[in-house]
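*Asks:* need a structure here:
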Amino acid sequence: MSTRSTRARRATAYALLLALTPVLVACGSDEPTAAPAAERTAANGDTFNDADVAFASDMIPHHADALVMVDMTQGRDLSPELAQLTEDIRAAQAPEIEQMADWLTAWGEKVPETSRDHVNSHDMGSDGADMGMDGDDLAMLEDADGSAFEDRWLTMMIEHHEGAIEMAQEEQESGLHPGALALAESIEADQTVEITLMEQMLDG
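*Replies:* You can find the predicted model right below:
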């Protein structure tokens, strides 16, 4: 075979490869992508999807866990800053639980039980994001006094807030229901501010 013939064939093959490259790239990038959750319509006309259901179903027990921690501050001699924070958390999260429960009921979904329904068990497990504490953590918190109690409480609540923020961000990425999306945005914003405040209280 002549050198000229070999070069010609190589040139032809190279040209063919260039022509096919866009097709090959397109095929190679055809990776499966997660389909958005299907839209559903409730009897009351609400439009929502599975992400909205998961958000409400997980955030209800997660909020309830926070309220159990707030309940544990009752009757203790707290710093004014922590006392105000606990009231702020209760004032925000108790109505949010009711709102999310109303959504789930309207959507024909089950409203989950929470740790507040079984508060005497000290079982803080939930179906939501891991709040980073268990019965032993709570027992240690309950046995602590004074500044040791406040420091442990703040540390645990910061971790809890971080879990809530992750859940809220997931809802904003995948949810559909306007009210749930607005609540998720509010939770992320408010609890981010509270984390900063609690970190300052720990450093103070």
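
*Asks:* got a pLDDT number for T33?
*Replies:* Note on T33: pLDDT of 53.

*Asks:* would you say D77 is within a helix?
*Replies:* No. The assignment for D77 is coil, going by DSSP: H, G, I helix; E, B strand; the rest coil, so no helix is present there.

*Asks:* Nearest spatial neighbour of it, chain-adjacent residues omitted?
*Replies:* The shortest distance from D77 to any residue other than its chain neighbours is 7.6 Å, reached at G146 (Cβ to Cβ, 6 or more residues apart in numbering). Every C-beta, even on glycine, is put in place using the N, C-alpha and C of the backbone.

*Asks:* Kindly report the same for L183.
*Replies:* On the basis of Cβ to Cβ, 6+ apart, the spatially nearest residue to L183 that is not a chain neighbour turns out to be E96, at 6.5 Å.

*Asks:* correct me, but I158 touches L197?
*Replies:* No. Between I158 and L197 no contact is recorded; they are 9.9 Å apart, counting by Cβ atoms under 8 Å.

*Asks:* Please give the number of neighbouring residues around D203.
*Replies:* Neighbour count for D203, taken as other Cβ atoms under 10 Å: 6.

*Asks:* which residue is nearest the middle of this structure?
*Replies:* When the chain is reduced to its mean C-alpha position, the nearest residue by Cα atoms, centre = their mean turns out to be M167, at 0.8 Å.

*Asks:* Quickly note the distance from that residue to H62.
*Replies:* Using Cβ to Cβ, to the nearest Å, we find M167 at a distance of 7 Å from H62.

*Asks:* Same question for M140.
*Replies:* Taking Cβ to Cβ as the criterion, M140 is separated from H62 by 21 Å.

*Asks:* Now the helix or strand hosting the residue nearest to the centre of the chain: buried residues?
*Replies:* Assessed by DSSP states H and E, M167 sits inside helix 146-174. With burial defined by 16 or more other Cβ atoms under 10 Å, the residues of helix 146-174 counted as buried are 149-150, 152-158, 160-165, 167-168, 170-172, 174.

*Asks:* before we move on, what about stretch 56-64?
*Replies:* Taking 16+ other Cβ under 10 Å as the neighbour-count basis, stretch 56-64 is seen to contain the buried residues A56, S57, D58, M59, I60, P61, H62, H63, A64.

*Asks:* ditto for stretch 184-195
*Replies:* Buried residues in stretch 184-195 (16+ other Cβ under 10 Å): A184, I187, E188, D190, Q191, E194, I195.

*Asks:* check contacts around the third one.
*Replies:* E188 sits next to I165, A168, Q169, Q172 when contact means Cβ atoms under 8 Å, 6 or more residues apart in numbering.
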